[in-house]
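would you be able to build a 3D model of this:
(one chain, ligands or ions: 1)
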Amino acid sequence: MKQQGIFDHLIDQLTALPGVGRKSAQRLAFFILKMTISEAKKIGQAIIDVKDQLAFCQICNNITEYEICTICSSPKRDTQKVLILEEPSTLHIIEQTGEYKGLYHILLGAIAPLPGHKTAAPSIQNLIERLKKGGITEVILATNPTIEGESTAIYLTRLIQPLGIKVSRIAFGIPVGIDIEYADEVSLVKSLQGRREIEKLS
Ligand SMILES: [Zn+2]
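Numbering: from 1, shown residues only. Predicted coordinates:
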């Protein structure tokens, strides 16, 4: 009975992961059960290391071992441009293209407040504070082409344009409805190059 409890507990923990339903969690749990103890420990330790040693950059929310990430602290970046992303995973894909040399701001989700709610997520408040300090001339919105991503883009445009900063939206050679992180490099480069300034919202 106790052993069954331990196994079910592992399944419960695995279902907490995004995209893992009960069936997949069971499959993973059986797979883990068949692993050697050293293989299983490697996975466990990797999870602990991430939580122990990594955090979000205090400026841009990128994943970093330091307080400020290597992009924010690099003297080689174009500090006048800020690219807005939903997730840190997309940053790595854009960096791989080598096309973009500016800075980033990661929202950690598509998070325009719901109608009737005034408070924006902390990452949006941080962004506005950052922009108010000056020095940034263009904000490029690269939220996903989903309903949530689009409404976040519109919400941010309304907040940023009054600060006198140019706001552009990346073009979508990327299929509508999918996350940017699944786009191929060529589409991503094209969409960055083809970005358009968003007309002043009234
Ligand atoms: Zn950073």
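
wait, is I93 part of a helix?
Yes. Assignment of I93 by DSSP: H, G, I helix; E, B strand; the rest coil places it within a helix.

how deep is it tucked in, by neighbour count?
If you count neighbours by other Cβ atoms under 10 Å, I93 ends up with 16. All C-beta atoms are positioned from the backbone trio N, CA, C, and that covers glycine.

skip the chain neighbours and tell me the closest residue to it.
Excluding its sequence neighbours, the residue lying closest to I93 (Cβ to Cβ, 6 or more residues apart in numbering) is E181, at 5.7 Å.

burial count for that neighbour?
The tally of other residues near E181 (other Cβ under 10 Å) stands at 17.

what's it in contact with, if anything?
By Cβ atoms under 8 Å, 6 or more residues apart in numbering, the residues touching E181 are 87, 89-90, 93.

for it, which three-state class applies?
Under three-state DSSP, E181 falls in the helix class.

show me what whichever strand in the chain runs longest pairs with in its sheet, parallel or antiparallel.
Ordering each strand of the chain by length in residues (DSSP state E) puts strand 78-85 first. Its sheet considered, strand 78-85 pairs with strand 102-106 (parallel), strand 138-141 (parallel) by DSSP bridges.

which stretch among these comes nearest the ion?
For those, proximity to the ion was assessed by Cβ to the ion; strand 102-106 is nearest, at 6.7 Å.

neighbouring contacts of the closest one?
Strand 102-106 is contacted by residues 56, 60-62, 71-72, 77-88, 91, 123, 126-127, 130, 136, 138, 140 when judged by Cβ under 8 Å, 6+ apart.

return only those of those found close to the ion.
Restricting the contacts of strand 102-106 to those near the ion by Cβ under 5 Å from the ion leaves 60, 62, 72.
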